[in-house]
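Student: coords please:
(2 chains)
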Amino acid sequence: MKFSRKLENTTLRKLEGSLFIAPWVFGFLVFVAFPLGYSLYMSFHQVKITVSSVNYTFIGLNHYREILIANGSLLYEELFPFLRESAMMIPIILVFSLLVAILLNLRFPGRTLFRVIFFLPVIFSSGQIVQEFIAQGEGSLSIMETLRIDYYLQEYVPGAWAAPIEKVMSSFVLVLWYSGVQILIFLAGRQTLPASVYEASRIDGSGPWNTFWKITLPGLVPYIFLNLMYTVVDLFTFPSNPIVSRVNTSNYGSSSALAWIYFTIILTFVLVTLFIYSRVDKSLSGKR
Amino acid sequence: MKIVKRGNETVARLYSDDKLRRGLDAVKYRLLGAEIDKGLLFKLFVYVILINVAFIYIKPILYMVTTMVKDAQNILDPTVIWVPRTIFLGHLQHASEMLNYGKSFLISVSLASSVAVLQVFSCAIAGYAFARLDFPFKKVWGALLLFTFIMPPQITILPSIMLFKEFGWLNTFLPMVVPALFGHGLKGAMFVIIYRAFYSTLPKELDEAARMDGAGPFRMFFRVMFPISRSATVVVVLFSFVWNWNDFYFPSLFMFTAENVPLSITLARMAGEMKLAEGAGEITVYAEAIKMAASFLIIMPLLVVYLFAQRWFIEGVERTGLVE
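Tutor: Next up, the predicted model:
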């Protein structure tokens, strides 16, 4: 009797839960899973769209072969510089947003005003407006020209890396513009660290420098990785990046194949990130 | 006598030394503080960095506003860089005509706010289920949620277009609104994750108390859980509204031939037209001023919303913990 009632309770709970999650699951199946499977299907086919119908001819891996091997210019001339550029932008964004978040967390007069200003990029960076500003040259640093940094870069840095470095440096301001949400996440994360720990470390005579490295930074590790993931996803799905603009309606089959190749690269990035995170997390919790 | 005098001198010297040292100490204390982060030097350092970065963020806005009010005379005058001599509002008017501002504004507002409202409800429900309820294959669905978060929308965009075409939804707002109803849509996964993070921080006793008072699951959610998640809701509403307002990608693909389009599309169309005119040899000094005026018209509503919402927003960010 007791057993069956318990069973009933758990099924009832499961039923309630299912009821709440049902809309999301339905949405997932219709708007995510189905298109996902369909685009995978299309990537193996030659898709011909006529007025009345859509014709598919199976061509196997041809689209993939075309993009990866036969006609690799898109991948190797546009994607790889972009990846190198992101590889440099990501650490800059993370370090910068961490610094700003920690400064914004201090108590000083005018803090609210600064916070209001520093959340502005959250509003702008997602829109067309930023493109407009880039076009106006708002993203560049004038130091670049006055100190002739580009010249030194080309002289001393291997060719494959000089161009992306130059691009990142010349759009440095833009990098700062992309870090709005990251600042938010770090600030929110910093709030979760209890004040009592900081007090205790002060009483034990630790200076702010030590406190940062021994308390703040380890405490923020989950947020650093969350930000890393967010930044990777954000950079890679930004509509202005070279690959994304190639996914268009001109050729459904090969566009789908390209999207899948691209997605595989992102997934690898994220999985590597998660792997490193679990390692770091483990080693940190081992110490504790 | 002599000895006493010498003694006095020593004392005096000692005294002045002491005073000097105390003075130095006071200066040092002022500059460096009891700890590094309390002193004047550190504060100066903080302000220098913050003001510099704040300038970077504000400069484009200043540039936009000052460029947009310059008339021909001010644009051509090389001594005028930031502050125009006279204020000219003709560009604003011209831009608002080109953008078809009144209509597009209403469309943008209704689209962004309806998506935001729907996303808040649907994502809160899904996040609540993920955080506090039990359902079959919860782990699998959780993994799929993360998967949705990292998946670029580009990978599903083409089949989605075909799907919505099948439904006859192209060139309407339905492709943006209906997924939001089910907790998807633009960055829906991220909002679900925010809500999940928020609801999983609430104490278990809350459910129990509500359950003991006889609240059913729906009542509990709508009367207890949803109202206390105000801080998360503010963050999600603002993000959702702003991102949908700015979004260009989805509307450009789902309603490319539509009559009634939101502002982000009309801006792109306007830029295209101006480029075309430029290519045809119609070079005008006003081009930049008009572009800036158009940009201003598009951001201004967001700025107004943000100015009103920022207090709750910042509070919300601090209290939600925003993320796991």
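Student: so the spatially most central residue of chain B is in which element?
Tutor: In chain B, the residue lying closest to the centroid (C-alpha atoms, centre = their mean) is B:Phe239, at 6.0 Å. Assigned by DSSP states H and E, B:Phe239 falls within helix B:230-246.
Student: hmm, that helix in reach of chain A?
Tutor: Yes - contact check for helix B:230-246 against chain A, using C-beta under 8 Å from any C-beta of the partner chain: residues in range are B:Phe239, B:Val242, B:Trp243, B:Trp245, B:Asn246. (Each C-beta comes from the backbone N, C-alpha and C, glycine too.)
Student: The first one touches B:Lys187, doesn't it?
Tutor: It refers to B:Phe239. Yes - using C-beta atoms under 8 Å, B:Phe239 and B:Lys187 qualify as a contacting pair, with a distance of 7.4 Å.
Student: mind listing what the nearest residue to A:Ile117 once chain neighbours are set aside touches?
Tutor: Of all residues beyond its chain neighbours, the one nearest A:Ile117 is B:Ala54 (4.6 Å), with distances taken as C-beta to C-beta, 6 or more residues apart in numbering or on different chains. Each residue near B:Ala54 by C-beta atoms under 8 Å, 6 or more residues apart in numbering or on different chains is listed here: A:Phe114, A:Ile117, A:Phe118.
Student: ok, and the most crowded of the residues you listed?
Tutor: Going through the contacts of B:Ala54 with other C-beta atoms under 10 Å in any protein chain shown as the criterion, the one with the most neighbours is A:Phe118, at 23 neighbours.
Student: how near is that residue to B:Ile290?
Tutor: 30 Å (C-beta to C-beta, to the nearest Å).
Student: go on, B:Thr79?
Tutor: When C-beta to C-beta is applied, the distance between B:Thr79 and B:Ile290 equals 23 Å.
Student: Of these two, which one has the most company?
Tutor: Looking at B:Thr79 and B:Ile290 with other C-beta under 10 Å, you find the greater number of neighbours at B:Ile290, namely 20 against 6.
Student: I'd assumed B:Leu92 was in contact with that one.
Tutor: No - taking C-beta under 8 Å as the definition, B:Ile290 is not a contact partner of B:Leu92, at 9.0 Å.
Student: which ones are touching whatever residue of chain A ends up closest to chain B?
Tutor: In chain A, no residue comes nearer to chain B than A:Gly27, which is 2.6 Å away by C-beta to the nearest C-beta. When the contact criterion is C-beta under 8 Å, 6+ apart, the partners of A:Gly27 are B:Ser122, B:Pro179, B:Leu181, B:Phe182, B:Gly183, B:His184, B:Gly188.
Student: near chain A, from those?
Tutor: B:Ser122, B:Pro179, B:Leu181, B:Phe182, B:Gly183, B:His184, B:Gly188.
Student: Of those - the most surrounded one?
Tutor: B:Gly183 (31 neighbours).
Student: which stretches of chain B have low pLDDT?
Tutor: B:1-16, B:29-38, B:281-285, B:317-324 (pLDDT under 70).
Student: on that earlier part again, for the residue nearest to A:Ile117, give its distance to A:Pro121.
Tutor: Plainly put, B:Ala54 is 11 Å away from A:Pro121 if you go by C-beta to C-beta.
Student: Show me which parts of the helix or strand harbouring A:Leu274 are buried, residue by residue.
Tutor: The secondary structure element spanning A:Leu274 is helix A:252-287 (assigned by DSSP H and E). Neighbour-count burial for helix A:252-287, with 16 or more other C-beta atoms under 10 Å in any protein chain shown as criterion, is recorded at A:252-263, A:266, A:269-270, A:273, A:277.
Student: give me the subset of these touching chain B.
Tutor: Counting by C-beta under 8 Å from any C-beta, the members of the buried residues of helix A:252-287 near chain B are A:Tyr252, A:Ser255, A:Ser256, A:Ala259, A:Trp260, A:Tyr262, A:Phe263, A:Ile266, A:Val270.
Student: Any chance of those in TSV with pLDDT as columns?
Tutor: TSV is the format used below for those (pLDDT from 0 to 100):
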residue	pLDDT
A:Tyr252	77
A:Ser255	82
A:Ser256	84
A:Ala259	84
A:Trp260	87
A:Tyr262	84
A:Phe263	86
A:Ile266	83
A:Val270	83
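Student: Provide the secondary structure category for B:Trp82.
Tutor: For B:Trp82, the secondary structure call by DSSP: H, G, I helix; E, B strand; the rest coil comes out as coil.
Student: In chain B, which residue sits nearest chain A?
Tutor: Checked against chain A (C-beta to the nearest C-beta), the nearest residue in chain B is B:Phe182, 2.6 Å away.
Student: Quick one: classify the closest residue to that residue other than its chain neighbours as helix, strand or coil.
Tutor: The shortest distance from B:Phe182 to any non-neighbouring residue, by C-beta to C-beta, 6+ apart, is to A:Gly27 (2.6 Å). The three-state assignment at A:Gly27 reads helix, by three-state DSSP.
Student: Please apply the same query to A:Leu15.
Tutor: Relying on three-state DSSP, one would call A:Leu15 helix.
Student: what do you get for A:Thr57?
Tutor: Using three-state DSSP, the structure places A:Thr57 in strand.
Student: you'd agree it is up against A:Met42?
Tutor: No - counting by C-beta under 8 Å, A:Thr57 does not reach A:Met42; the two are 11.3 Å apart.
Student: Looking at those two, which is more packed in?
Tutor: More neighbours surround A:Met42 than the other of A:Thr57 and A:Met42, with 24 against 9 (other C-beta under 10 Å).
Student: Quick check, pLDDT for the more buried one.
Tutor: The score at A:Met42 is 84. That number is its pLDDT.
Student: The residue nearest to A:Ile117 and A:Ala257, how far apart?
Tutor: Per C-beta to C-beta, B:Ala54 is found 45 Å from A:Ala257.
Student: Please apply the same query to B:Leu276.
Tutor: Using C-beta to C-beta, B:Leu276 is found at 33 Å from A:Ala257.
Student: Mind naming the longest helix for chain B?
Tutor: If you go by DSSP state H, chain B has its longest helix at helix B:287-320.
Student: about what we covered before: want to throw the contacts of B:Ala54 into TSV with pLDDT and secondary structure?
Tutor: Supplementary listing: those in TSV, determined by pLDDT from 0 to 100; DSSP: H, G, I helix; E, B strand; the rest coil:
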residue	pLDDT	secondary structure
A:Phe114	84	helix
A:Ile117	84	helix
A:Phe118	81	helix
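Student: what about the residue nearest to B:Phe182, distance to A:Arg115?
Tutor: From A:Gly27 over to A:Arg115 the distance is 35 Å, taken as C-beta to C-beta.
Student: Then B:Pro159?
Tutor: From B:Pro159 over to A:Arg115 (counting by C-beta to C-beta), the distance is 42 Å.
Student: go on, A:Ile123?
Tutor: Distance, A:Ile123 to A:Arg115, by C-beta to C-beta: 14 Å.
Student: Neighbour count for those two, which is higher?
Tutor: In terms of neighbours (other C-beta under 10 Å), A:Ile123 is the more surrounded of A:Ile123 and A:Arg115; the figures are 22 against 19.
Student: Great, nothing more from me.
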